[in-house]
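>>> Sequence first, predicted model second:
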Amino acid sequence: MPSHNPDTEESDHKTKQENTPNNDKKIKINKGGVGEDDFKHRRGGSQQGSQRANIHLEQFEENKKQLENHLKQFEKKENGVMRFDTETTDLSDFVRDRVQAADPSSAGISPQKGKEKPKNILEIDKHTADDWIPRDDRMIRLAGPHPYNCEAPIDLLMSHGFITPNAIHYVRNHGTVPKIDISSFRLSVSGLVTKELSLTLDDIKKMPSINIPVSITCDGLRRKELNAIKHTRGYNSATAFTSCAFWKGAMLVDVLKQAGVKEGAKYVCVEGCDSLSMGPYGTSIALSVASDVTNDIMIAYEMNNEPIPPDHGYPLRLVVPGYIGGRQIKWLTKITISDKESQNYYHWHDNKLFPSVVDIPDAVEAGWWYNRDYNLYELNVNAVITSPKHGSILDLGKSKQFPVHIQGYAQSGAGRKITRVEVSLDSGKSWYLCSVSYPSLAVRHDIKYWTWAHWDVLIDAWKLLKYSEIIVRAFDISGNTQPQDPTWNISGMMNNCWYRVKMQAADQHHHSDHAPLVEFI
């Protein structure tokens, strides 16, 4: 269904005006207009036509200058990234994708460098094998004291803007964090190669590097919602099991070139040096994926321009933008080029998306775990409402006309850009079009977006009194969108149904002026 204002049946033009505050100030762009290249293409023909084209081109250039001047008036910086005032919600991709943000991140420097570094060993960790790692006590532990699996409170995560400080970046550990002696540390590269390598951290640092923002997301994001239907085999990870940081490292493709890949190789198998019940955690990715320089797969050694913290893989982590977190191996020590997928236990017994009819006994008996069709790699499209958050209360006060700021994040896999986010109040019968923005340096190779997007929309407060829930859905550049309802699966993976925040009239027992209250549940 096309997006439109739920409270009018008039034209799309009027709909766009009513959905945007302060219409007298907003910038309007004719998205169906002709671009500069089109004018250049049409310069042939009669002299009169050529003159008209030149006039149009001059007008086009003048319009560009006006837009740039307007943009300077409305732009503002937040946590080192570019944001737009709500008055610019009509800016087209023509302007938004060409903004050159004058902030530190445009130079590959994270705005979160050195910020919020925990210094103390928490009491909860003092009786575990991780008793040497400082951690942030605001993090929500999802699986007890140990191993460390956590996410930030969603409002804390979003308060830092696009780039997440290391201390509150989500963590997924399967066991004890290994203590690594950097003087003896080596990364081995072997298998179907012409030259085996044994690389020190300094060797990796001497190679050409990239430093780019990348979102890493666990495929267990939003598992809590599936557990509410029927318990899965995983813990209650919620909406903050995702984060975005600057990652710096050597390109994997350069390491492969240095080793020389032999004919017949198909997979890059990788392992960490953690010690788990079934051996180190490992996986593999296709050589065709690893060899594509536009995939930006790196052997990272810095996170937000600092050495990678122990919980995130010090000294080396494989970063595979657009893939689930489970393929981005921490404490990387071993790369093996092979003609077969990884035979690592965890490659086959983790990160699976089974049909909803499959339970654990079925998966074991029928050999489902070894069916490669259910292996997860690329993220799916997802969007979440982060404000208003569950449990909050909105006081409408004396006026119901002020706008409520509804906002959240959206993301997709494989570098697919989020092109549209929509919010509905009437169970999906009609939709409000949201403003979508990306951090600086988000686009790579002209078409790939490795970070999350943030979105927002303003809706008059009185409209919230008429409905019982707020719904969000996102679309990516391939036209992928979210299903209306969840699909339960035993692993609790890849939940990306429409995200909902329920609303109801709040108890006014302790409210003195009897103004309407809306509770978000």
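Everything's here; your move. Numbers count the residues shown, from 1 in each chain.

>>> how about the closest residue in space to Asn305 that isn't next to it in sequence, what does it touch?
Nearest residue to Asn305, sequence neighbours excluded (CB to CB, 6 or more residues apart in numbering): Lys113, at 4.2 Å. For every residue, glycine as well, the C-beta is placed using N, CA and C. Shown in contact with Lys113 (CB atoms under 8 Å, 6 or more residues apart in numbering): Asn304, Asn305, Glu306.

>>> Give the helix, strand or coil label for Lys113.
Three-state call for Lys113 (DSSP: H, G, I helix; E, B strand; the rest coil): coil.

>>> Let me see the backbone angles for it.
With angles defined as degrees, to the nearest 10, Lys113 sits at phi -60, psi 120.

>>> Check the spacing between it and Asp456 real quick.
26 Å (CB to CB, to the nearest Å).

>>> just Pro486 next, same as before
25 Å.

>>> How about Leu441?
As defined by CB to CB, Leu441 lies at a distance of 21 Å from Asp456.

>>> And for Val289?
34 Å.

>>> Equivalent analysis for Ile385, please.
Here the criterion is CB to CB. By it, Ile385 lies 10 Å from Asp456.

>>> cool, Ala250 as well?
For Ala250 relative to Asp456 (CB to CB), the value is 37 Å.

>>> Over to Phe354?
Phe354 is 36 Å from Asp456, by CB to CB.

>>> Same question for Val357.
Val357 sits 39 Å away from Asp456, going by CB to CB.

>>> These two - which one has more neighbours?
Asp456 (20 against 9; other CB atoms under 10 Å).

>>> What segments of the stretch 251-400 of the chain are helices?
252-259, 287-290, 345-349, 360-365 (DSSP state H, counting those that start in this stretch).

>>> how about the CA coordinates for stretch 432-441, as PDB?
Taking Å, rounded to 0.1, in the frame of the first residue of the first chain, the C-alpha atoms of stretch 432-441 are listed here in PDB:
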ATOM      1  CA  TYR A 432       3.600   8.000   7.600                       C
ATOM      2  CA  LEU A 433       6.800   8.400   5.700                       C
ATOM      3  CA  CYS A 434       9.800   9.000   7.900                       C
ATOM      4  CA  SER A 435      13.000  10.900   7.500                       C
ATOM      5  CA  VAL A 436      16.000   8.600   7.200                       C
ATOM      6  CA  SER A 437      19.700   9.600   7.700                       C
ATOM      7  CA  TYR A 438      23.100   7.800   7.700                       C
ATOM      8  CA  PRO A 439      26.400   8.700   9.400                       C
ATOM      9  CA  SER A 440      29.300  10.200   7.500                       C
ATOM     10  CA  LEU A 441      31.300   7.800   5.500                       C
END
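
>>> Which positions within it qualify as buried?
Residues Tyr432, Leu433, Cys434, Ser435, Val436, Ser437, Tyr438, Pro439, Ser440, Leu441 are the ones in stretch 432-441 that count as buried (16 or more other CB atoms under 10 Å).

>>> Among the residues you listed, which ones are in strands?
Applying DSSP state E to the buried residues of stretch 432-441, the entries found in strands are Tyr432, Leu433, Ser435, Val436, Ser437.

>>> which residues does the third one bridge with?
For Ser435, the residues forming beta bridges with it (DSSP bridges) are Asp456.

>>> how much space is there between it and Met278?
Taking CB to CB, one finds Ser435 at 47 Å from Met278.

>>> what sits up against stretch 230-239?
The contact list for stretch 230-239, computed with CB under 8 Å, 6+ apart, reads 142-143, 149, 151, 154, 218, 220-224, 226-227, 360, 384, 386, 488-493, 499.

>>> now that stretch, how far from the chain's geometric center?
Distance of stretch 230-239 from the chain centroid (CA atoms, centre = their mean, to the nearest Å) equals 20 Å.

>>> What residues sit buried inside it?
Thr232, Gly234, Asn236, Ser237, Ala238, Thr239.

>>> Please report how far the first one lies from Leu353.
Thr232 sits at a distance of 12 Å from Leu353 (criterion: CB to CB).

>>> Report the set of residues contacting both of the two.
Asn489, Ser491.

>>> Okay, helices next: where are they in the stretch 101-250 of the chain?
In the stretch 101-250 of the chain, the helices defined using DSSP H, counting those that start in this stretch lie at 154-159, 201-205, 223-229.

>>> Dump those helices into CSV; add distance to Ile121, mean pLDDT and mean neighbour count as well.
Formatted as CSV, those follow (distance: least, CB to CB, whole Å; pLDDT from 0 to 100; neighbours: other CB atoms under 10 Å):
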stretch, distance to Ile121, mean pLDDT, mean neighbour count
helix 154-159, 21, 97, 18
helix 201-205, 25, 98, 16
helix 223-229, 29, 97, 18
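
>>> can I get the ones you listed in CSV with distance to His127?
Output for those, formatted as CSV (distance: least, CB to CB, whole Å):
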stretch, distance to His127
helix 154-159, 26
helix 201-205, 31
helix 223-229, 27
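
>>> Output the below-cut-off pLDDT ranges for this structure.
Along the chain, the parts satisfying pLDDT under 70 run over 1-107, 398-401, 507-515.

>>> dump the residue contacts of Ile470.
Contacts for Ile470 (CB under 8 Å, 6+ apart) come out as Ile385, Pro388, Ile406, Val423, Ser424, Leu425, Leu464, Arg500, Val501, Met503, Phe520.

>>> quick one: which of those sit in helices?
Counting by DSSP state H, the contacts of Ile470 place Leu464 in helices.

>>> Filter the contacts of Ile470 down to the buried ones and hand me the ChimeraX line.
Of these, the buried ones go into a single ChimeraX selection, burial set by 16+ other CB under 10 Å:
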select :385,388,406,423,424,425,464,500,501,503,520
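
>>> Could you dump the contacts of Ile470 into CSV with distance to Phe162 added?
As requested, the contacts of Ile470 are exported to CSV (distance: CB to CB, whole Å):
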residue, distance to Phe162
Ile385, 17
Pro388, 21
Ile406, 18
Val423, 20
Ser424, 25
Leu425, 27
Leu464, 27
Arg500, 25
Val501, 22
Met503, 28
Phe520, 24
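
>>> out of the contacts of Ile470, who's nearest Val364?
Nearest to Val364, judged by CB to CB, of the contacts of Ile470 is Arg500 at 34.4 Å.

>>> Tell me the spacing between that closest one and Arg473.
Distance from Arg500 to Arg473, by CB to CB: 10 Å.

>>> One more: Pro483?
Taking CB to CB, one finds Pro483 at 9 Å from Arg473.

>>> now swap in Val384 and tell me
Look at Val384 and Arg473: by CB to CB, they are 11 Å apart.

>>> And the strands in the stretch 201-350 of the chain?
In the stretch 201-350 of the chain, the segments counted as strands under DSSP state E, counting those that start in this stretch are 209-217, 242-251, 267-272, 282-286, 298-303, 306-307, 317-319, 332-338.

>>> ends of stretch 323-340, how far apart?
In stretch 323-340, first residue to last residue: 20 Å (CA to CA, to the nearest Å).

>>> oh, I was asking about stretch 371-385
For stretch 371-385, the first and last residues are 35 Å from each other (CA to CA).

>>> Mind listing what's buried along it?
Neighbour count says stretch 371-385 has Tyr374, Asn375, Leu376, Tyr377, Glu378, Leu379, Asn380, Val381, Asn382, Ala383, Val384, Ile385 buried, by 16+ other CB under 10 Å.
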